[in-house]
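**Student:** When you get a sec, could you give me coordinates for this:
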Amino acid sequence: MMQRAPNGAVFLALKDKHGRTRLVLKVGSHGNPAIQLLGKNGRVIAQLPRAGT
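**Tutor:** Sure thing, here's the model as predicted:
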């Protein structure tokens, strides 16, 4: 489901068969894109671009 956050960011979250978010594609309010992969506990296990770059 694609959603818009109050700050203007847009994101698409894909869930697994148990309803847990596993992949998030987003474009921040300033136009910066990001991809996040989440583990089954909901924590980010990988992200592009990498934090701090």
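**Student:** And the lowest mean pLDDT element among the helices and strands of this structure?
**Tutor:** Each helix and strand of the chain was given a mean pLDDT (mean pLDDT, DSSP states H and E); the minimum falls on strand 2-4 at a mean of 89.
**Student:** Show me what the helix or strand that contains Val24 is packed up against.
**Tutor:** Val24 is part of strand 21-27, with elements assigned from DSSP states H and E. Applying 3 or more C-beta pairs under 8 Å, 6 or more residues apart in numbering; DSSP states H and E, one finds that strand 21-27 makes contact with strand 10-15, strand 33-38. (Glycine included, C-beta is placed from N, CA and C.)
**Student:** Is the most centrally placed residue in the chain bridged to anything, and to what?
**Tutor:** The central residue of the chain, meaning the one whose C-alpha is nearest the mean C-alpha position (C-alpha atoms, centre = their mean), is Val24 at 2.7 Å. Beta-bridge pairing for Val24 (DSSP bridges): Ala13, Gln36.
**Student:** what number of residues lie near the closest residue to Arg22 other than its chain neighbours?
**Tutor:** Using C-beta to C-beta, 6 or more residues apart in numbering and skipping the chain neighbours, the partner closest in space to Arg22 is Asp16 (5.0 Å). Other residues near Asp16 number 11, with proximity taken as other C-beta atoms under 10 Å.
**Student:** doesn't Leu38 make contact with Asp16?
**Tutor:** No: between Asp16 and Leu38 there is no contact under C-beta atoms under 8 Å: 9.5 Å.
**Student:** who's in contact with the residue nearest to the centre of the chain?
**Tutor:** Contacts of Val24 were listed using C-beta atoms under 8 Å, 6 or more residues apart in numbering, and they are Phe11, Leu12, Ala13, Leu14, Ala34, Ile35, Gln36, Leu38.
**Student:** pLDDT at Arg50, what is it?
**Tutor:** Looking at Arg50, its pLDDT is 86.
**Student:** That one: helix or strand, and which one exactly?
**Tutor:** Arg50 belongs to no helix or strand when elements are defined using DSSP H and E.
**Student:** end-to-end on stretch 25-33?
**Tutor:** Its first and final residues considered, stretch 25-33 spans 8 Å by C-alpha to C-alpha, to the nearest Å.
**Student:** Good, we can wrap up now.
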